[in-house]
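Colleague: Coordinates for the following, if possible.
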Amino acid sequence: MGDTLMTVIAIFLAVILMFLFPMLSVSERADDISQLAVETAVSNFVDNSRAIGKITIENYEQLVNALNATGNSYDIELEVKKLDENVGKKTAWLNGSVVGENVYYSVYTSQILETLLGEGNNGEDYVMKEGDILSCTAKNNNTTISQTLRSVFYSISSNNAYQVGAQHSGMVTATGSNIQ
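Modeller: Numbering: from 1, shown residues only. I've put the predicted structure just below:
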């Protein structure tokens, strides 16, 4: 009886060591590859949009397609901090040309997508000007295989945790135009 119990325990441990841990390792590597692809896609989107001074439908669709190619679904958050220059004259300053300071106000994903994909807009580009700040964040909103296996092995459960995500931002270097 004792030998049978030891054999069952040995088989159980062999299954864990031979199959489950390698499966966890492979799924973690898949998440690492997805992470790299997401970082690259988000970075390319922001850098391309900053360089031309506008968010185009083509750039946004390339971002979405690159993210979907990883096999996960993502929440994409866009933010443009628009530079609202408060230009005035004051003769007491050394510079004498500017009064006050520059202030930024934010435009978020829903407003940007309304401009890009809105029905009445006929697919206009979202135009930015030099000095604006563009930020993009992408986080997966599904549970990856490695998250599921990790929760089984380590008894971790978190509803708000994401495994794959990236953020990139930068200042717009060119003023965009809708003129074709």
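
Colleague: In terms of helices and strands, where is Leu36?
Modeller: If you go by DSSP states H and E, Leu36 is part of helix 21-52.

Colleague: what stretches of this structure score poorly on pLDDT?
Modeller: Scanning the chain for pLDDT under 70 picks out 1-2, 85-101, 120-122, 155-161, 178-180.

Colleague: Go again with 90.
Modeller: Scanning the chain for pLDDT under 90 picks out 1-28, 30-31, 71, 83-105, 111, 113-125, 130-131, 141-165, 173-180.

Colleague: buried sites along the helix holding Leu36?
Modeller: Across helix 21-52, burial judged by 16 or more other Cβ atoms under 10 Å covers 24, 27-28, 30-31, 34-35, 37-39, 41-42, 45-46, 48-50, 52. To be clear about C-beta, it is placed using only N, CA and C from the backbone, and glycine gets the same treatment.

Colleague: Okay, now the sheet partners of the very next helix or strand once past it, with direction.
Modeller: Scanning forward in sequence from helix 21-52 by DSSP H and E, the next helix or strand is strand 54-55. Take DSSP bridges as the rule and strand 54-55 pairs in its sheet with strand 126-127 (antiparallel).
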